[in-house]
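Q: got a predicted model here, sequence first, then my questions.
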Amino acid sequence: MTKRSHSPLSGLDQSQTAAIEEAVKQCAWQHLQAENAAAALDCYVPDALVASDGSLYSSFEHFAKDARQFYDTLGQVDLAVWDEMHIQVVARDIAVLTATVRWSSTDIVGLRTDLKGVWTAVYVERGGRWKICTRHESFEDDS
């Protein structure tokens, strides 16, 4: 489900805002359903800031290294769902997506991981493509 938040700050009309919201939504789905590190990392600008569960990556390169290691051990994605999604268009080339997410996978040795949490990303339009420039995620504790 997508909830739209038309911001008068963007200076865009409703159809322009809706088109940006749809483009960002499609990018979010592409990222969530990426089956390898190259596809996932292609959703980011080269100097993106990434925070996860209380930690801030020191550089995008450090995040990319962790992403590659994760996807190297990923066997299959069992579930990838945005449950609730809010997109706020800030400007012609900036939008913020906040969503609840469920994601489950099985790694190459058969260990299953189930995640449920919230995810926020700032998207920027660069060269005709929407990409993540800042992202934060936090997941519920399983314990």
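A: Done, it's in.
Q: and the lengthiest helix in the chain, what does it pack onto?
A: Longest helix in the chain by number of residues (criterion: DSSP state H): helix 14-32. Packed against helix 14-32 by the contact rule (3 or more Cβ pairs under 8 Å, 6 or more residues apart in numbering; DSSP states H and E) you find strand 2-5, strand 74-91, strand 94-107, strand 112-126, strand 129-139. For the C-beta atoms, the positions are set from N, CA and C on the backbone; glycine is no exception.
Q: list the buried residues of that helix.
A: Thr17, Ile20, Glu21, Ala23, Val24, Lys25, Cys27, Ala28, His31, Leu32 (16 or more other Cβ atoms under 10 Å).
Q: with adjacent residues omitted, what lies nearest to the last one?
A: The shortest distance from Leu32 to any residue other than its chain neighbours is 4.7 Å, reached at Ala80 (Cβ to Cβ, 6 or more residues apart in numbering).
Q: what's the answer for the first one, then?
A: Using Cβ to Cβ, 6+ apart and skipping residues adjacent in sequence, the residue nearest Thr17 is Val89, 4.8 Å away.
Q: burial check on the one you found, number of neighbours?
A: 25 (other Cβ atoms under 10 Å).
Q: what is it paired to in the beta sheet?
A: Counting by DSSP bridges, Val89 is bridged to Ala95.
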